[in-house]
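**Student:** Okay, predicted coordinates and the sequence, questions at the end:
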Amino acid sequence: MKVLVTGGAGFIGSHVVDLFLDAGHQVCVVDDLSTGRRENVPPAARLYPVDIRDPGLADVFAAERPEVVSHQAARANVRESFEKPVLYADVNVTGSVHVLECCRRFGVRKLIYASTGGAVYGEPERLPVSEAHPVRPLDPYGASKHHVEHYLEIYRASFGIGYTVLRYPNVYGPRQDPYGEAGVVAIFAGRMLNGEPPVINGTGDQERDFVYVADVARANLLALERGDGEILNIGSGVGTSVNAICAMLQELTGYGGPAEHGPPKHGEVYRICLDATRARAALGWVPQTHLPQGLARTVEYFRQRRLQ
């Protein structure tokens, strides 16, 4: 089928593009390249360097007539969202509604929406967190991502546009942007490979649900035909501390120095991991890459980039 991927030059989006192409689909990419990289987009996918808020987005839909949209484009940094809340509302909410309007105008069957499981729930009442948990985001980023989920239901009920919401965990892997929301693995690996100490925000005891990017891309592939009308956590159900991640990366990179500690990040959830039982039932999805294996692949990627 013809699939349009917004944010397809970014970390997660480019892996989604690769997997869609490998599965035999026709893929086009919309990415303003503000954080994405042109070289992440393979030649088989047509790239449109367009902002999702730009009126020219309609021209892309008119030319390509996608059947499905995988909407990955977003601003995605908790700290920055406190500094620029209007920008986050504009890109993540207004931009997403613009994408939905293009879907309505040009007959898109379904939209797959990249939401966040790490930021929409706030500080969890229980672990692992299921989709039934109250939504209480602690930062403008999480609030902006959740806001769009309501628009998806409106457009489904009013215009028949299907959707699947994928609430992501902390995604890591090759091409990871060290400045994004889940960039700790890329930041630590890069610094250690350069012989520089990693800087841990707070005590490092805070826990996150780390899932390898190829597994997240596979959830998008499965959602092309499954999970309509569903909101699904994509996670391992296991929390791993930042200190543990640091120790594993020290072993993989051979970095022997100590870590440094900085102040905790404002608005950061202390412990979170996601129950993906519903994703298993709706999509047949389970994570397939164990953390040590995924971290080893990621370190090797950054090591090879340093040699280029």
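**Tutor:** Here it is on my side, so go on.
**Student:** any weak-confidence spans in this structure?
**Tutor:** 178-182, 308 (pLDDT under 70).
**Student:** Next SSE downstream of the longest helix anywhere in it?
**Tutor:** With DSSP state H applied, the helix covering the greatest number of residues in the chain is identified as helix 140-159. Once helix 140-159 ends, the next helix or strand along the chain (criterion: DSSP states H and E) is strand 162-168.
**Student:** Count residues in the vicinity of the residue nearest to residue 100 when sequence neighbours are not counted, would you?
**Tutor:** The spatially closest residue to residue 100, leaving aside those adjacent along the chain, is residue 155, at 5.1 Å (CB to CB, 6 or more residues apart in numbering). Any C-beta I mention is one placed from the backbone N, CA and C, and that applies to glycine too. Neighbourhood size, residue 155 [other CB atoms under 10 Å]: 20.
**Student:** Residue 155 touches residue 161, doesn't it?
**Tutor:** Yes. Residue 155 is in contact with residue 161 according to CB atoms under 8 Å; the separation is 4.7 Å.
**Student:** related to what we said a few turns ago, from residue 71, how far off is the residue nearest to residue 100?
**Tutor:** Relative to residue 71, residue 155 is positioned 12 Å away (CB to CB, to the nearest Å).
**Student:** What residues of stretch 77-92 count as buried?
**Tutor:** Neighbour-count burial for stretch 77-92 flags 77-81, 84, 88-89, 91-92 (criterion: 16 or more other CB atoms under 10 Å).
**Student:** For the longest helix of the chain, which residues meet the burial criterion?
**Tutor:** With burial defined by 16+ other CB under 10 Å, the residues of helix 140-159 counted as buried are 140-149, 151-152, 155-156.
**Student:** just the helices in the stretch 1-150 of the chain please.
**Tutor:** Taking DSSP state H, counting those that start in this stretch as the test, the helices found in the stretch 1-150 of the chain are 11-22, 57-64, 78-83, 85-88, 95-105, 140-159.
**Student:** okay, those helices in CSV with distance to residue 259 next?
**Tutor:** Listed next are these as CSV, based on distance: least, CB to CB, whole Å:
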stretch, distance to residue 259
helix 11-22, 24
helix 57-64, 43
helix 78-83, 19
helix 85-88, 30
helix 95-105, 37
helix 140-159, 26
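**Student:** Minimum distance to residue 169: which of those has it?
**Tutor:** helix 11-22 (11.4 Å; CB to CB).
**Student:** Break down this protein into its strands, ranges please.
**Tutor:** Counting by DSSP state E, the chain has these strands, from start to end: 2-6, 26-30, 46-48, 68-71, 110-116, 162-168, 170-172, 199-201, 207-208, 210-212, 230-233, 240-241, 260-262.
**Student:** and residue 57, which of the ones you listed is closest to it?
**Tutor:** Taking CB to CB as the measure, these were each checked against residue 57, and strand 26-30 came out nearest at 6.7 Å.
**Student:** so what strands line up beside the closest one?
**Tutor:** For strand 26-30, the paired strands and their directions (DSSP bridges) are strand 2-6 (parallel), strand 46-48 (parallel).
**Student:** Pull the distance from the shortest one to the chain's centre.
**Tutor:** The chain centroid and the centroid of strand 46-48 are separated by 20 Å under CA atoms, centre = their mean, to the nearest Å.
**Student:** hmm, who's touching it?
**Tutor:** The set of residues external to strand 46-48 that reach it, using CB atoms under 8 Å, 6 or more residues apart in numbering, is 8-9, 27-31, 38, 41, 60, 64.
**Student:** Export these to a markdown table and append columns for distance to residue 228 and neighbour count.
**Tutor:** Formatted as a markdown table, the entries for the contacts of strand 46-48 read as follows, by distance: CB to CB, whole Å; neighbours: other CB atoms under 10 Å:
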| residue | distance to residue 228 | neighbour count |
| --- | --- | --- |
| 8 | 22 | 30 |
| 9 | 27 | 28 |
| 27 | 21 | 25 |
| 28 | 22 | 21 |
| 29 | 24 | 31 |
| 30 | 23 | 31 |
| 31 | 26 | 28 |
| 38 | 33 | 11 |
| 41 | 28 | 25 |
| 60 | 24 | 22 |
| 64 | 22 | 18 |
